[in-house]
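Student: Using only what follows, build the 3D model:
(one chain, ligands or ions: 1)
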Amino acid sequence: MKTDILVIGAGPVGLFTVFEAGILGLKCTLIDNLDKPGGQCAELYPDKPIFDIPGVPYQTAQEHVDALLKQIEPFEYDLILNERVESMTKKNDLWEVSTNKGTNIETPNIFIAAGAGSFEPIKPNLECDFSALEGKKIFYSIKDKTIFEDQKVAIFGGGDSALDWTIELQKIGANVSLIHRRDAFRGAPDTEMNVRKLTDEKKIKLLTPFIIKDIKGDENIDSIKLLNTDSKEVIDIDADYILFFYGLNKKLGPINEWNLELSGNKIQVNTETFETDKEGIFAVGDINTYPGKLNLILSGFHETTLAVQKAFGRVYPGERVPFGYTTSSKKIHEKLGYSEK
Ligand SMILES: Cc1cc2nc3c(=O)[nH]c(=O)nc-3n(C[C@H](O)[C@H](O)[C@H](O)COP(=O)(O)OP(=O)(O)OC[C@H]3O[C@@H](n4cnc5c(N)ncnc54)[C@H](O)[C@@H]3O)c2cc1C
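Tutor: Modelled structure (predicted):
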């Protein structure tokens, strides 16, 4: 397989790369180790509002991802999900990228849009094997909150996700128990106050200081045992679903092994082209660093727009990069399938 730009990561910045490359006539292939596009927006905070996308006063994070996917519909691109890029090797003027599932792709341009690296949810350290319930009755993030309507849900954790989802799922009629190892929370104080109010009003159950000791079940959750860390009493609770919000291990993963110039966990780039110290390898979005860097979506959009200019020259050496406003360029309109009435 060959592509003009191989993009590692289908977060917002990876997705917008398809647009900017597309209007220059370049084809992208995106690879993401998650099961869906959208990066942090889709995985960490799909229902939260974003207010600082230029020209868009309000969008939830998932709406933002959906809008980016809509915006790139006119362009042909490949999206490979559930695969992690493991290695990149130089082959004459091209790079070859390989994934953990054996996919190999040749390209003159690699765009690393890997955000905070690969996400892996932190799981409870239990002696029992609860893997049969994972993805069916035990989740580490919420993709579709409607499945919890009128269900008994045990939420574990003490940060924003645990508090936010306790309130949100209670609103849609779930019977929520929030379980935390101590009677103090790391989440926003306002949200904690709301949770305590709901507890006083008996709209949710707050169980502290408890930790999970055992889960039984195969198709459904048969039993859950909790240990009170003060009194050492063990109690049983009943739930249809368990949500663990213990945070994510952000693993830089194989990026560490690619011999790129790093600063801490971030890849250093030059701010003219967002190229790394290796020719043809660019780093855009949250994964890069330079003086003044801000981890914002709009910064990543700017970075990748400039990077595709340089990438164009590596696909069509010696050709001038075609610049045009999307408002008035007939060539861009053709690519977007737009015709003036
Ligand atoms: C709670 C929260 C609220 C936020 N609110 C805002 C806001 O209001 N405004 C704003 O501008 N920003 C906000 N941000 C930050 C914003 O989400 C990030 O700046 C943005 O997601 C960065 O986009 P990205 O495409 O660079 O990376 P990401 O969104 O992190 O996507 C990177 C993708 O790369 C994949 N990946 C990594 N390594 C590999 C590999 N080796 N192989 C394959 N795939 C790989 C990952 O799975 C991931 O899907 C917020 C962040 C959080 C956590």
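Student: and the stretch 1-150 of the chain, which of its residues are near the ligand?
Tutor: Residues of the stretch 1-150 of the chain lying close to the ligand by C-beta under 6 Å from any ligand atom are 8-14, 31-34, 39-41, 44-45, 50, 52, 84-85, 113-119. In this view, the C-beta of every residue, glycine as well, is placed from N, C-alpha and C.
Student: Out of the residues you listed, which end up buried?
Tutor: Among those, those classed as buried by 16 or more other C-beta atoms under 10 Å are 8-14, 31-34, 39-41, 44-45, 50, 84-85, 113-119.
Student: Three-state assignment for the residue in the stretch 51-200 of the chain positioned nearest to the ligand, please.
Tutor: The ligand sits closest to Gly115 of the stretch 51-200 of the chain, with a gap of 1.8 Å, by C-beta to the nearest ligand atom. Following DSSP: H, G, I helix; E, B strand; the rest coil, the label given to Gly115 is coil.
Student: Around the residue in the stretch 151-300 of the chain that the ligand sits nearest to, count how many other residues there are.
Tutor: Closest to the ligand within the stretch 151-300 of the chain is Gly285: 2.2 Å, counting by C-beta to the nearest ligand atom. Using other C-beta atoms under 10 Å, Gly285 is surrounded by 29 other residues.
Student: which intervals of the stretch 201-341 of the chain have sub-threshold pLDDT?
Tutor: 250-253, 341 (pLDDT under 70).
Student: Return the residues of it in contact with the ligand.
Tutor: Gly253, Pro254, Gly285, Asp286, Asn295, Leu296, Ile297, Leu298, Gly300.
Student: Can you get me a residue count around the nearest residue to the fifth one once chain neighbours are set aside?
Tutor: Same thing as Asn295. Computed as C-beta to C-beta, 6 or more residues apart in numbering, the closest residue to Asn295 that is not its neighbour in sequence is Asp286, at 4.8 Å. For Asp286, the count of nearby residues is 25 (other C-beta under 10 Å).
Student: Kindly report the same for the one 4 residues further on.
Tutor: Burial measure for Tyr290: 15 neighbouring residues, criterion other C-beta under 10 Å.
Student: same check, this time on the one 3 residues further on
Tutor: Counted with other C-beta under 10 Å, the burial measure for Lys293 works out to 15 neighbours.
Student: where does it land in three-state SS?
Tutor: Taking three-state DSSP, the label given to Lys293 is coil.
Student: Just the ones of the buried ones among the residues of the stretch 1-150 of the chain next to the ligand in strands?
Tutor: Counted as lying in strands by DSSP state E, out of these, are Ile8, Ile31, Ile50, Val85, Ser118, Phe119.
Student: residues contacting the residue of the stretch 51-200 of the chain closest to the ligand?
Tutor: By C-beta atoms under 8 Å, 6 or more residues apart in numbering, the residues touching Gly115 are Gly9, Gly11, Val13, Gly39, Gln40, Gly285, Asp286, Ile287.
Student: Show me which of those residues is closest to Arg186.
Tutor: Gln40 (18.5 Å; C-beta to C-beta).
Student: wait, the closest one sits on Ala114?
Tutor: No - in this structure, Gln40 is not within contact of Ala114 by C-beta atoms under 8 Å, at 11.1 Å.
Student: hang on, Phe130 packs against Ile138?
Tutor: Yes - look at Phe130 against Ile138 with C-beta under 8 Å: they come within range, at 6.2 Å.
Student: Mind listing the shared neighbours of those two?
Tutor: In contact with both Phe130 and Ile138: Ile215, using C-beta under 8 Å, 6+ apart.
Student: just the strands in the stretch 201-341 of the chain please.
Tutor: Ranges of strands in the stretch 201-341 of the chain, per DSSP state E, counting those that start in this stretch, are 205-207, 210-217, 221-228, 234-237, 241-244, 248-251, 262-263, 266-268, 281-283, 288-289.
Student: Nearest approach to Ser329 belongs to which of the ones you listed?
Tutor: strand 281-283 (24.1 Å).
Student: Which strands and helices lie in contact with that closest one?
Tutor: Under the contact criterion of 3 or more C-beta pairs under 8 Å, 6 or more residues apart in numbering; DSSP states H and E, strand 281-283 touches strand 109-112, helix 297-315.
Student: next one: that strand to chain centre, how far?
Tutor: Averaged C-alpha coordinates place strand 281-283 at 19 Å from its chain's average position (C-alpha atoms, centre = their mean, to the nearest Å).
Student: Contacts only, for the closest residue to Ile112 other than its chain neighbours.
Tutor: Nearest non-adjacent residue to Ile112, counting by C-beta to C-beta, 6+ apart: Ala283, 4.5 Å away. Residues in contact with Ala283 (C-beta under 8 Å, 6+ apart) are Phe111, Ile112, Ala113, Leu260, Ile267, Val269, Phe274, Thr276.
Student: What distance do you get for Ala283 to Pro57?
Tutor: 30 Å (C-beta to C-beta, to the nearest Å).
Student: Now do the same contact list for the closest residue to Ile105 other than its chain neighbours.
Tutor: Spatial nearest neighbour of Ile105, excluding adjacent residues (C-beta to C-beta, 6+ apart): Met1 at 4.6 Å. Neighbour list for Met1: Thr29, Thr103, Asn104, Ile105, Glu106 [criterion: C-beta under 8 Å, 6+ apart].
Student: try 10 Å
Tutor: Thr29, Asp78, Ile80, Glu96, Val97, Thr103, Asn104, Ile105, Glu106, Thr107 (C-beta atoms under 10 Å, 6 or more residues apart in numbering).
Student: Before I go, just wanted to say thanks for your time.
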